[in-house]
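Engineer: Build the 3D model from these lines:
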Amino acid sequence: MKPQLATPAYARALAAIHASAFPPTEAWRADAIDLQLALAGSFGLIDQRGGMLLGRVMADEAEVLTLAVAPAVRRLGIATALLSAAQAEIAARGGRAVFLEVSVGNLAAQTLYHRFGFVEVGRRQRYYADSSDALVLRMKIE
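Structural biologist: Numbers count the residues shown, from 1 in each chain. You can find the predicted model right below:
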């Protein structure tokens, strides 16, 4: 099953997936997702098995704002499918580089991002609610 573009009509479904994957203090609410999807350059992806991604493209740079996979369906390739679809969407919109942040403690996500060619380009001290640092990663789109 391929991820599909998510319009604002999917905001509740995206929020439910996000809430299942993140602590309550970090989960994005449906209204925030709806607002994000309405912004110029923003896009959402949903994998009906239980995954979501929000991104945005401005000029030739893009950012993955959040990616979430419900715990019950992790390790099924959903995050890989979402990132592949995002990469294609970003390229189609003229993006040449993608940035994202990932917790220094999230080794599974770091492994996935490195497989896609993301490299560390910075670090944000105490970025997350639990005071953990964020690694800033960048990937070129060829």
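Engineer: Quick one: the strands in this structure, in order.
Structural biologist: In the chain, strands defined by DSSP state E lie at 4-5, 42-47, 51-58, 61-69, 97-103, 119-124, 134-140, listed in chain order.
Engineer: Can you give the contact residues for the first one?
Structural biologist: By that I understand strand 4-5. F43, G44, L45, I46, Q48, E89 (Cβ atoms under 8 Å, 6 or more residues apart in numbering). Placement of C-beta: from N, CA and C, glycine included.
Engineer: Spatially nearest residue to the fourth one (excluding sequence neighbours)?
Structural biologist: The shortest distance from I46 to any residue other than its chain neighbours is 4.3 Å, reached at A6 (Cβ to Cβ, 6 or more residues apart in numbering).
Engineer: any idea how far R56 is from that neighbour?
Structural biologist: As judged by Cβ to Cβ, to the nearest Å, A6 and R56 stand 13 Å apart.
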